[in-house]
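Novice: Here's a sequence, model it:
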Amino acid sequence: MQLRISVINNGKGKNMRIIDLNNEQVDDIEERLEDFDEKYITYKMEGSVRIGIEEDGKLIAGLDAVVTAFKILYVSTVFVDENYRRKGAGAMLIKEMEKRAKAMGVNTIRLDTFSWQGKDFYEALGYEAVGHYENAEDGYSEYFFLKKI
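Specialist: Residues are numbered from 1 along each chain as shown. Alright, predicted model coming up:
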């Protein structure tokens, strides 16, 4: 991989440069951000919800979510096999996730979905669309949802 460097004059007679970060530098930046955030996030919560539905030993649906800052559970993945959609499997996963999240002390759930995925599904389950954008060039929209529990 070729290292790309851009030099910028900061107006104070010193040159700064844009560099590609290695793994150690990424870890350093993430630690420094965590240290900064500790001034504003006065408590730490950890945990996750990783649940699925099996039928006759076959995984037909699953959900993965992790607790982030401020008692927020971020749902990164929800998937239901096509043959099981619109039959209650997804709603069952979401309801179980909400129950577990509440027991962990979570008070907000956030997630995002693309236009061809679950927008109507999440709205039907009481999630509030708090933002979206459209990318007409690539033919999609993305929606951002929250739910207070």
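Novice: Are we agreed that A129 is in a helix?
Specialist: No: the assignment for A129 is strand, going by DSSP: H, G, I helix; E, B strand; the rest coil, so no helix is present there.
Novice: tell me which residues in stretch 55-69 are buried?
Specialist: I60, A61, G62, L63, D64, A65, V67 (16 or more other Cβ atoms under 10 Å). Yep, even glycine has a C-beta here, placed from its N, CA and C like the rest.
Novice: Now do the same contact list for the second one.
Specialist: Put plainly, it is A61. Counting by Cβ atoms under 8 Å, 6 or more residues apart in numbering, A61 touches G52, I53, F79, V80, D81, Y84, A89, G90, L93.
Novice: Over to G105?
Specialist: M45, K71.
Novice: related to what we said a few turns ago, out of the contacts of A61, which are buried?
Specialist: If you count burial by 16+ other Cβ under 10 Å, the buried members of those come out as I53, F79, V80, A89, G90, L93.
Novice: Dump those into JSON lines; add pLDDT, distance to E123 and secondary structure as well.
Specialist: Supplementary listing: the buried ones among the contacts of A61 in JSON lines, determined by pLDDT from 0 to 100; distance: Cβ to Cβ, whole Å; DSSP: H, G, I helix; E, B strand; the rest coil:
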{"residue": "I53", "pLDDT": "98", "distance to E123": "22", "secondary structure": "strand"}
{"residue": "F79", "pLDDT": "97", "distance to E123": "19", "secondary structure": "strand"}
{"residue": "V80", "pLDDT": "97", "distance to E123": "17", "secondary structure": "strand"}
{"residue": "A89", "pLDDT": "96", "distance to E123": "18", "secondary structure": "helix"}
{"residue": "G90", "pLDDT": "96", "distance to E123": "13", "secondary structure": "helix"}
{"residue": "L93", "pLDDT": "97", "distance to E123": "16", "secondary structure": "helix"}
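Novice: Could you list the low-pLDDT ranges of the chain?
Specialist: Counting by pLDDT under 70, the ranges of the chain that qualify are 1-13.
Novice: so is the spatially closest residue to M97 that is not a sequence neighbour in a helix, a strand, or just coil?
Specialist: With sequence-adjacent residues excluded and distances taken as Cβ to Cβ, 6 or more residues apart in numbering, M97 is closest to V49, at 4.9 Å. Counting by three-state DSSP, the backbone at V49 sits in strand.
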